[in-house]
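>>> Sharing a sequence plus its predicted fold:
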Amino acid sequence: MKIAVEGCMHGELDKVYDMMRRLEEAEGIKIDLLICCGDFQAVRNESDLHCVNVKPKYRTMNSFWKYYSGQAVAPYPTIFIGGNHEASNYLWELYYGGWAAPNIYFLGFAGVVKFGNIRIGGISGIHKQNNYYSGHHERPPYSEGNKISVYHVRHYDVLKLMHVKEPLDIFISHDWPVGITEYGNWQKLIQEKRHFEEEVRTRTLGSQSAAKLLSKLKPPYWFSAHLHCKFPAIIQHGEDGPTTKFLALDKCLPRRNFLQVLDIPSNPGPYEIQYDEEWLAITRRFHSVFPLTRAPFRMLVHTMSLLLCVINNSKIDNKWQIWINSIGLSYRNEELDIQDDRQWVRSKLNARGAKPFDFVQTAPPFNPSMPVDNPPIAVHCRNPQTESFLQFLELPYLLDWSNSGGVNRNASSSQPAHPLDNDDVELPDEIEDDEDDE
């Protein structure tokens, strides 16, 4: 399978697809899939554009709207993650993943899908420690602070990916795993990007959460972007462990290394994007603890394991044992047991099939003949794809939940789950980031 990997898209779909066509003609090959490593900028109209965290001089519609409107059709199946310059209001509609446009699939804030027999996982956003343990509290219309924090990686999403046990073939992150420079030519990197030198030498360049996922998942391939340069590396996991080939690419500009085609071993085609059974089971198991406030979220697996240890060595009423078992806690490995969920999901996929739900427009596309100077403020919209996905998993819709009212998180679930009791703690507004990655 030939997969084209692209760094930061910045909405330049026309240019990237054109480059892919020229590569096919020059090399006599057929590209099966495009993977974009963030800053995709799925901007449908002027309202979306005002949700992107960029300076006003960088606010341009570019070309995604053509594919959203149907004026153009993506010539290659395309999978992307979010970065730190996105129409976050639109991506929030598709938090669990879904079609951003026909043949263009957003992997979600965290997600795993299959393309043929290739398993592709990824996480959107960039790591900022001050927001890492917060819940997903941001809702459109965004304050200037929330326009920034909405794309910060959250512990909840990382924790779900840490529960992936079956091997992944490819993983995608926007920022690099911290420490990755030790496995490549970092001397050449700091010659080209001198302002990276201190962070490289102090081992602070990159994402701590991505490094945890790299250590746990150990995929054969890991692709990133964000730092606007090309950087390859090979990671050996232990003396006799597997290796990961890492590749970071640049943004879509002339004479920049923003696109590379790789040959990934796979079964013969045809290929299509499909739901992943294990990931749907993880999504279902974790839905009851989806953190939606500013309150710090930490999965209390270790604490619960200690409680289980106490129960096993005492004569406490076994109702506590029953409760712990009901949320799927495994004492031996301190992970949630998802086997019951997998069997349930498998039966649902066997009945319906694994093809994602169909694309649906939820906002009017940009009209170049009638530009809008003062567009309406973006507000949350329930995307029919997301509603269908949650109905399929028999889960309640929570993406428009706010502190103003309660919600029954298990209203549609056929299996018991116990939500974490996180109090709603009011924290101060986020401080705007210093970095400018335009």
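Right, received. Where do you want to start? Numbering: from 1, shown residues only.

>>> Could you work out the end-to-end span of stretch 46-59 for me?
For stretch 46-59, the first-to-last residue distance is 9 Å (CA to CA, to the nearest Å).

>>> do the same with stretch 367-377
By CA to CA, the extent of stretch 367-377 from end to end equals 17 Å.

>>> Now find how far off-centre the one helix or strand residue 235 maps to is within its chain.
For residue 235, the enclosing helix or strand under DSSP states H and E is strand 231-236. How far strand 231-236 lies from its chain's middle: 22 Å, per CA atoms, centre = their mean, to the nearest Å.

>>> for stretch 129-149, same thing?
Taking CA atoms, centre = their mean, one finds stretch 129-149 lying 16 Å from the centre of the chain it belongs to.

>>> likewise stretch 25-39?
If you compare the mean C-alpha spot of stretch 25-39 with that of the full chain, they lie 20 Å apart, counting by CA atoms, centre = their mean.

>>> residues of the strand holding residue 235 that come out buried?
231, 233, 235 (16 or more other CB atoms under 10 Å). Every C-beta, even on glycine, is put in place using the N, C-alpha and C of the backbone.

>>> Make a markdown table from those and add pLDDT to it.
Formatted as a markdown table, the entries for the buried residues of strand 231-236 read as follows, by pLDDT from 0 to 100:
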| residue | pLDDT |
| --- | --- |
| 231 | 98 |
| 233 | 98 |
| 235 | 98 |
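
>>> The protein: strands as residue ranges?
Residue ranges of the strands in the chain, as given by DSSP state E, are 2-6, 33-36, 78-80, 98-101, 104-106, 110-115, 118-123, 170-173, 221-224, 231-236, 243-248, 259-263, 273-275.

>>> I'd like to know which of the ones you listed lies nearest to residue 88.
The stretch from those with the least distance to residue 88 (CB to CB) is strand 104-106; that distance is 11.7 Å.

>>> Report all helices and strands that the closest one contacts.
strand 78-80, strand 98-101 (3 or more CB pairs under 8 Å, 6 or more residues apart in numbering; DSSP states H and E).

>>> Which one of these lies nearest to residue 224?
Ranking the helices and strands packed on strand 104-106 by distance to residue 224, with CB to CB as the measure, places strand 78-80 first at 12.9 Å.

>>> what are the pairing partners of that closest one, and which direction each?
Using DSSP bridges, the strands paired with strand 78-80 are strand 33-36 (parallel), strand 104-106 (parallel).

>>> Would you mind checking the average pLDDT for the shortest one?
This points to strand 104-106. Strand 104-106 carries an average pLDDT of 98.

>>> List the contacts of that strand.
By CB atoms under 8 Å, 6 or more residues apart in numbering, the list of residues contacting strand 104-106 from outside reads 40, 42, 67, 74, 77-82, 91, 94, 97-100, 113, 273, 356.

>>> wait, isn't residue 356 in contact with residue 98?
Yes. With contact defined as CB atoms under 8 Å, residue 356 and residue 98 form a contacting pair (6.4 Å).

>>> who's more crowded, those two?
Using other CB atoms under 10 Å as the criterion, residue 356 and residue 98 rank with residue 98 on top: 24 against 18.

>>> The residue nearest to that one when sequence neighbours are not counted - how many residues pack around it?
With CB to CB, 6 or more residues apart in numbering as the measure, residue 385 is the residue that lies nearest to residue 98, at 4.1 Å, once sequence neighbours are left out. Residue 385 has 22 neighbours, counted by other CB under 10 Å.

>>> Quick check: which of the strands of the chain is nearest to residue 381?
Judged by CB to CB, the one of the strands of the chain that comes nearest to residue 381 is strand 98-101, at 12.8 Å.

>>> circling back: need the contact partners of the strand holding residue 235.
Counting by CB under 8 Å, 6+ apart, the neighbours of strand 231-236 from elsewhere in the structure are 176, 180-181, 183-184, 189, 214, 243-248.

>>> farthest-separated two in those?
Largest separation among the contacts of strand 231-236 by CB to CB: 189 and 243, giving 20.1 Å.

>>> which of those two has more neighbours?
When residue 189 is set against residue 243 and neighbours are counted by other CB under 10 Å, the residue ahead is residue 189, at 21 against 12.
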